[in-house]
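[1] I'll drop the sequence and a predicted model, then ask my questions.
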Amino acid sequence: MAQSPEIKNREINIHVPVLARVEGEGALDIAIRDGRIADLKLRIYEPPRLFEKFLEGRDYNEVPDMVARICGICPVAYQMSAVHALEGIFGAPSFDIQPSPWVRGMRRVLYCGEWMESHSLHIHLLAAPDFLGYDNAIAMARDYPDEVRRGLRLQGLGNAIIRLFGGRSVHPVGVRVGGFYRAPDQQDVRALLEKLRAALPDAEALVAWTASLDLPQDTQPCINVALRHADEYPMNEGHIVSSAGLEIPVAEYEHHFREFQVPHSTALHSLLHDQPYLVGPLARLNLNLDRLPEQVTRALQATGISFPSSNMFHSIVARAVEVYCALSEAVRLLEVYEYPFSPYVSVVPRAGVGFGCTEAPRGILWHRYETDEQGLITSARIVPPTSQNQARIEEDLRQSLDAFGLANSDEDLRRRAETVIRNYDPCISCATHFLKLTVNRP
Amino acid sequence: MTPIRIIGIGSPFGDDRLGWEAVEAIRRSGLLEYFPQGLVSVQSCDRPASGLLMLMEGAAHVILIDAMRSGAVPGKILRLQDEEIEMESALLSSHGFGVAESLALGGALGMLPARLVLYGVEVRDLDQCDTLTPETTGALPMLVERIKEELFPTSMAVCVGKPGMYAS
């Protein structure tokens, strides 16, 4: 269609740089023509793709350490998906090797630490400034010092949990196929447990605080995807379920979810039965409301917000709920902590294919490995949550910018677009407060 | 939680391991054995973001060690103290998000230690390998020496400093 001269032709480029230590970039390009969004492309850089190749030919024992490097914010998630996938190969029922109940419990505690750390950071330093009208967390902290300090305390406790299982040095963080390299001392566990217990009121108050924020009302029904476990809020185990009725074992992921390359992004897009879908805290909460610890359910009910919710901006409330859930779970599991006979189960490598899917802070993280008889990796596939959410974020941007009003200024549109993207906590969000805007007007 | 803390900031990628390797070099040097137990500690952390503030909480003197890229000769050591860090680290640190923003946040919340020193070591490109480049490795002995000089006078000042400082 030919454009008449009076048609408004505005192109907005939002450039999102990522952390300096990894190459690549993320960016959003929106072309507005005729008062409508003509084109919208979110480009994100995704490190796991490189790692899949690096893993080939490596010994299975190296995998937990290597995948921990993919993300500085969620190394535990990458380790957990990897060890579950590899144990699926080596610990096939005929071999009678299963991680012990101790290992299972402590993996959950470790994951709780990562959720607390990652969610607390996102809520206070990335998301809240958007909803309270600040350019960044530093400006916000001057007016909300108590809330930010509370966030830092919860984040610090999450980190303390992770350090409990780590060694003296930073890497490896103590996870191995079959369990952990070492078990924490009783004394260290008791000392940390006391601090965790004392923080429970903080986490409860955090839920109420996020619910009291003036969040935009933007309801967008979409397909939610998460793990679901028989009797606990999902972290390491469960089936993959969707709000559209899907329920499959993690090994069947590839039969239903399709990844494909789009020209504008190095990250693959992913669709479920050809539809965009949502993963992450809001999807997890929507699909697992009946799996929350009792006191967390009470705190959620007290907010007056009705869940399941299709307001994407309720993600910040879902994150707070999960901080409280993770803290409660860590306390419950560490209260009955006993020093184990062995912190791991030995495995015997063999050839096979294994699948692992766990709930990273940002949503399901799916791994597939193939090994030879010696336990060397012959192929690896890693599907991170951010690439799964990419199509959903683009769909959300189209809807919410339309609803917001395309006649708004470039600056207001940029701000709104940033808020929408940041709400999904994509890995690029670590850097999104550095957003630069370039506007081209023909 | 000791009153004097040395924190090596890094990531597993090539020269970005500098902070971790420096911490190991300090441990190996025997420097810590000069001090009474509970006075000085060293630790490494991986891209801590705002978690850095909790690692510094309650300390009187913190020395941060981090890789930086400012265009200087690789291996060059830069020392910044207190206000200098907030003003300049955004330009110098390889941790584009973490360190500068965390310290600015700490400043806004009054959470920074009374004395904060950052040692930056100029590094080259960061890559996937597990080792430092020779230029960066070559800077480690000098860095340990500089930190030793840093610690001797301040540890004495801290020791005679505030009554009741070690009560906890």
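    Received, thanks. This structure is a prediction, so every number in the text was calculated from the model and none was measured. Numbering: from 1, shown residues only, chains lettered A, B, ... in the order given.
[2] Number of residues surrounding residue A:379?
    Neighbours of residue A:379 under the rule other C-beta atoms under 10 Å in any protein chain shown: 13. All C-beta atoms are positioned from the backbone trio N, CA, C, and that covers glycine.
[3] Also the one 10 residues further on?
    Per other C-beta under 10 Å, the neighbour tally for residue A:389 reads 29.
[4] Which helix or strand contains it?
    Using DSSP states H and E, the secondary-structure element containing residue A:389 is helix A:385-404.
[5] Then residue A:153?
    Under the criterion of DSSP H and E, residue A:153 resides in helix A:145-165.
[6] helices and strands around that helix, which ones?
    helix A:101-121, helix A:137-143, helix A:186-198, helix A:200-212, helix A:315-335, helix B:51-56, helix B:98-109 (3 or more C-beta pairs under 8 Å, 6 or more residues apart in numbering or on different chains; DSSP states H and E).
[7] By mean pLDDT, show me the worst of those helices.
    In terms of mean pLDDT, the lowest-scoring of those is helix B:98-109 (a mean of 85).
[8] Report the inter-axis angle for that helix versus helix A:145-165.
    Orientation of helix B:98-109 against helix A:145-165 (axes from the mean of the first three to the mean of the last three C-alpha atoms, to 10 degrees) gives an angle of 140 degrees.
[9] Redo the helices and strands packed on helix A:145-165 as JSON lines? Include distance to residue A:425 and mean neighbour count.
    What follows is the helices and strands packed on helix A:145-165, written out as JSON lines (distance: least, C-beta to C-beta, whole Å; neighbours: other C-beta atoms under 10 Å in any protein chain shown):
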{"stretch": "helix A:101-121", "distance to residue A:425": "8", "mean neighbour count": "24"}
{"stretch": "helix A:137-143", "distance to residue A:425": "14", "mean neighbour count": "19"}
{"stretch": "helix A:186-198", "distance to residue A:425": "24", "mean neighbour count": "14"}
{"stretch": "helix A:200-212", "distance to residue A:425": "14", "mean neighbour count": "19"}
{"stretch": "helix A:315-335", "distance to residue A:425": "8", "mean neighbour count": "25"}
{"stretch": "helix B:51-56", "distance to residue A:425": "17", "mean neighbour count": "22"}
{"stretch": "helix B:98-109", "distance to residue A:425": "17", "mean neighbour count": "22"}
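[10] Let me have those in JSON lines, extended by distance to residue A:151.
    Output for those, formatted as JSON lines (distance: least, C-beta to C-beta, whole Å):
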{"stretch": "helix A:101-121", "distance to residue A:151": "5"}
{"stretch": "helix A:137-143", "distance to residue A:151": "9"}
{"stretch": "helix A:186-198", "distance to residue A:151": "16"}
{"stretch": "helix A:200-212", "distance to residue A:151": "8"}
{"stretch": "helix A:315-335", "distance to residue A:151": "9"}
{"stretch": "helix B:51-56", "distance to residue A:151": "11"}
{"stretch": "helix B:98-109", "distance to residue A:151": "10"}
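[11] wait, which of the ones you listed is closest to residue A:230?
    Set against residue A:230 and scored by C-beta to C-beta, these come closest in helix A:101-121, at 13.6 Å.
[12] Whatever helix or strand comes next after the helix holding residue A:153 and chain B in contact?
    Counting by DSSP H and E, the next helix or strand C-terminal to helix A:145-165 is strand A:175-176. No. Strand A:175-176 lies apart from chain B when judged by C-beta under 8 Å from any C-beta of the partner chain; the minimum separation is 14.0 Å.
[13] Can you list the strands that strand A:175-176 pairs with?
    strand A:179-180 (antiparallel) (DSSP bridges).
[14] Check what contacts the partner strand and list those residues.
    Contact partners of strand A:179-180, identified using C-beta atoms under 8 Å, 6 or more residues apart in numbering or on different chains, comprise A:99, A:100, A:102, A:103, A:106, A:165, A:174, A:342, A:343, A:344, A:345.
[15] mind redoing it with 7 Å?
    A:99, A:103, A:106, A:165, A:174, A:343, A:344, A:345 (C-beta atoms under 7 Å, 6 or more residues apart in numbering or on different chains).
[16] Which residue, neighbours along the chain excluded, lies closest to the second one?
    Spelled out, it's residue A:103. Spatial nearest neighbour of residue A:103, excluding adjacent residues (C-beta to C-beta, 6 or more residues apart in numbering or on different chains): residue A:179 at 4.1 Å.
[17] Same check on the last one?
    Take residue A:345 and drop its neighbours on the chain: the residue closest to it by C-beta to C-beta, 6+ apart is residue A:178, 4.4 Å away.
[18] Can you give me every residue that contacts that neighbour?
    A:87, A:99, A:344, A:345, A:346, A:347.
[19] Show me the residues you listed that map onto helices.
    Among the contacts of residue A:178, the members falling in helices (DSSP state H) are residue A:87.
[20] List the residues that contact residue B:40.
    Residue B:40 neighbours (C-beta under 7 Å, 6+ apart): B:2, B:4, B:32, B:151, B:155.
[21] wait, I meant residue A:56
    A:377, A:378, A:379, A:380.
[22] I only care about those that end up buried; give me the PyMOL line for that.
    Here is the PyMOL command that selects only those of these that count as buried (16 or more other C-beta atoms under 10 Å in any protein chain shown):
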select buried, chain A and resi 377+380
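[23] which two in the contacts of residue A:56 are spaced the farthest apart?
    Pairwise over the contacts of residue A:56, using C-beta to C-beta, the maximum falls at A:378 and A:380, 8.6 Å.
[24] that older thread, among the contacts of strand A:179-180, which pair sits farthest apart?
    Top of the distance list for those (C-beta to C-beta): A:165 and A:345, 16.3 Å.
[25] Pick out whichever of these two has more residues nearby.
    Counted by other C-beta under 10 Å, residue A:165 and residue A:345 do not tie: residue A:165 has more neighbours, with 21 against 18.
[26] Next, find the distance separating the more buried one from residue A:371.
    Here residue A:165 is placed at a distance of 25 Å from residue A:371 (C-beta to C-beta, to the nearest Å).
[27] try residue B:4
    Residue B:4 is 47 Å from residue A:371, by C-beta to C-beta.
[28] before we move on, what about residue A:249?
    Where residue A:371 is concerned, residue A:249 sits at a distance of 20 Å (C-beta to C-beta).
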